[in-house]
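Asks: Pasting the sequence and the predicted coordinates here, then a few questions.
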Amino acid sequence: MSQPQNRLSNKTLPDLPATVGKPAYDRSQLKTGIIHLGIGAFHRAHQAVYTENILQDDPNWGITGVSLRSPDTRDALAPQDYLYSVAVRDGAGEKLHVIGCLTDILVAPENPEAVLQAMCQPDIRIVTLTVTEKGYCYAPASRTLDESNSDIIHDLKHPHAPRSAPGFLVEAIRRRHASGLQPFTVLSCDNLPANGETLKCVTVRLAELTDAGLSSYINEHVAFPSSMIDRIVPATTDQDRVTVSRSLNADDQWPVCTEPFSQWVIEDHFPSGRPSWEKSGATFVRDVAAFELMKLRLLNGSHSTLAYLGFLAGHETVSATMAAAGFKNFIRTMMDEEITPTLPTLPDFDLSTYKDQLIERFCNPALHHRTAQIAMDGSQKLPQRLLNTIHNRLLAGQSFDRLALGVAAWMRFVTGKDENGQAIDIRDPLCDQLLQATVGLTTAQDILRALLTFDSIFAPELAQNAHFKAIILQQLETLLTNGAAKTVQNFKPQNSTQ
């Protein structure tokens with residue numbers, strides 16, 4: 001069957017196959033109530049879907065997306081009237097639904113003023129973010145603003161034409177306050193601990209560096225609720241575009257592919273109003289911290305461990321990694337013995353079932369979630385996904401061998417050469433510094449010593465802890481000697497209690 005030539009759009013929407021879900025509302029009646037910073041695949045498969053499902057009852061929550069880097073998403077979706085399809089895949093097949101909640105997409109580097117003007121429209125009541133950990137311009141080990149970040153330095157010099165997400169927030173809030181508009185609520189949807197509190201911290205600090213009065217206003221009057229998000233969304237491939245377009249019988253240049261599972265837990269603090277996301281399955285709570293910690297450590301910690309070990313073992317995807325000898329047992333045991341004891345009790349929540357679901361999701365053969373994609377930006381992810389858990393285990397005098405192997409695999413990965421001596425395409429804000437620090441190093445001791453000097457990753461209480469260093473060294477030496485596949489297959493804990 002040849003590739004269809006008619007483009008997905010408002011015009012072609014009525015002619016899509018009956019099996020394809022379509023917007024159940026009149027798109028011409030949509031009003032924009034949300035600005036979203038970081039219009040990537042995850043947002044379009046997660047928060048946008050939750051919003052899509054409430055628009056029939058309340059059309060006031062259309063979304064204007066903002067790309068802080070590349071025009072690719074805008075360029076692909078503008079000819080489609082900002083329509084795109086979500087392909088939900090598992091072993092049973094694929095279900096397609098066309099999403100219509102996007103009203104516009106702006107590209108910040110092309111026209112930062114247009115973004116600021118959009119953020120200052122009176123109808124905007126919420127700004128959401130999925131900009132990844134590095135987009136917060138913070139030091140993960142201390143959770144404070146990284147004042148040496150190049151975008152932050154730029155924004156301090158040019159506050160009216162910002163580059164960073166915190167820079168756009170500060171300037172938009174300043175303008176709204178000056179014109180008498182109520183502040184919007186700022187909702188982080190990224191994987192970092194206490195994401196709302198962290199975002200508030202960096203935003204207040206950035207404002208403080210130029211305007212103490214504005215800093216106080218943000219601290220006292222702008223709401224930054226935290227949220228926990230969960231859905232696996234692999235990067236869209238050319239083959240995905242072909243497959244989805246054939247099923248639509250229309251050309252969709254930027255579909256997103258995902259799994260059936262989706263979760264969103266949100267602190268219910270929206271002074272300016274919010275959509276009824278609970279009607280789409282979101283859970284509103286007073287404090288999201290326990291859910292967030294559970295997800296960061298069980299899902300994200302396991303995911304990163306799988307990514308680094310799986311990549312080194314030669315596996316392209318998570319599902320292929322889980323199918324390899326030893327990996328499924330290794331990850332489930334890490335969850336049960338090393339991560340679960342660090343988590344607070346969640347009343348009326350079945351943690352064992354949640355872990356069963358995670359294993360099933362990791363094994364999903366229909367999701368080609370590349371280990372290299374998950375391995376990106378490890379310097380930003382490592383503290384909250386693995387190191388904080390290890391720190392808790394250290395304080396409790398408990399073992400952490402499997403967690404340590406995950407950290408050691410990251411260390412092995414960022415040396416820039418795989419187990420066959422081939423170059424690794426490392427995508428990380430600290431890529432150049434990490435490669436420079438480890439160039440020419442061949443022993444585990446030297447690699448460990450070099451990487452522990454990165455205090456934005458390794459807090460002093462870990463970097464200077466003799467027991468921590470000894471266990472990481474032990475796992476790194478094993479990786480270098482035996483390789484990732486054999487290390488996992490033959491893994492035996494070394495009784496790493498103090």
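Replies: Thanks, I have it.
Asks: Quick one: the helices in the stretch 351-498 of the chain, in order.
Replies: Per DSSP state H, counting those that start in this stretch, the stretch 351-498 of the chain carries helices over the ranges 351-362, 371-374, 378-382, 388-395, 401-413, 431-438, 444-451, 460-463, 466-482, 484-489.
Asks: which one of those lies closest to Trp264?
Replies: Closest to Trp264 of the helices of the stretch 351-498 of the chain, according to Cβ to Cβ: helix 351-362, at 15.0 Å. Backbone N, C-alpha and C define where each C-beta goes, glycine included.
Asks: avg pLDDT for the closest one?
Replies: Across helix 351-362, the average pLDDT comes to 96.
Asks: And it, what's buried?
Replies: Tyr354, Lys355, Leu358, Arg361, Phe362 (16 or more other Cβ atoms under 10 Å).
Asks: Against which helices or strands is it packed?
Replies: Under the contact definition 3 or more Cβ pairs under 8 Å, 6 or more residues apart in numbering; DSSP states H and E, helix 351-362 sits against helix 301-312, helix 318-323, helix 327-333.
Asks: Distance from it to the middle of the chain?
Replies: Helix 351-362 sits 19 Å away from the centroid of its parent chain (Cα atoms, centre = their mean, to the nearest Å).
Asks: any idea of the angle that helix forms with helix 301-312?
Replies: 30 degrees (axes from the mean of the first three to the mean of the last three Cα atoms, to 10 degrees).
Asks: Could you dump the helices of the stretch 351-498 of the chain into JSON lines and include distance to Ser70?
Replies: JSON lines is the format used below for the helices of the stretch 351-498 of the chain (distance: least, Cβ to Cβ, whole Å):
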{"stretch": "helix 351-362", "distance to Ser70": "28"}
{"stretch": "helix 371-374", "distance to Ser70": "16"}
{"stretch": "helix 378-382", "distance to Ser70": "19"}
{"stretch": "helix 388-395", "distance to Ser70": "31"}
{"stretch": "helix 401-413", "distance to Ser70": "25"}
{"stretch": "helix 431-438", "distance to Ser70": "18"}
{"stretch": "helix 444-451", "distance to Ser70": "30"}
{"stretch": "helix 460-463", "distance to Ser70": "35"}
{"stretch": "helix 466-482", "distance to Ser70": "35"}
{"stretch": "helix 484-489", "distance to Ser70": "32"}
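Asks: Of those helices, which is nearest Arg74?
Replies: Distance to Arg74, taken as Cβ to Cβ, is lowest for helix 371-374 among the helices of the stretch 351-498 of the chain, at 21.6 Å.
Asks: What's the mean pLDDT across that closest one?
Replies: For helix 371-374, the mean pLDDT works out to 96.
Asks: Can you add distance to Gly91 and give the buried residues of helix 351-362 back as a markdown table?
Replies: Formatted as a markdown table, the entries for these read as follows, by distance: Cβ to Cβ, whole Å:
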| residue | distance to Gly91 |
| --- | --- |
| Tyr354 | 20 |
| Lys355 | 19 |
| Leu358 | 16 |
| Arg361 | 11 |
| Phe362 | 13 |
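Asks: now, which of those sits nearest Ala282?
Replies: Tyr354 (17.1 Å).
Asks: residues touching that closest one, list them.
Replies: Residues near Tyr354 by Cβ atoms under 8 Å, 6 or more residues apart in numbering: Met294, Leu298.
Asks: on that earlier part again, would you tell me which one of the helices and strands packed on helix 351-362 is buried the most?
Replies: Greatest average neighbour count among these goes to helix 301-312 (a mean of 26), per mean count of other Cβ atoms under 10 Å.
Asks: and it with helix 466-482, angle?
Replies: Taking the same axes, to 10 degrees, one finds helix 301-312 and helix 466-482 inclined to each other by 30 degrees.
Asks: Need the residues that contact helix 301-312.
Replies: Residues outside helix 301-312 that contact it (Cβ under 8 Å, 6+ apart) are 317-318, 320-322, 324, 327, 331, 334-335, 339, 358, 362, 371-375, 378, 381-382, 385-386, 389, 402-403, 405-406, 409-410, 412-413, 418-419, 424, 479, 483-484, 487-488.
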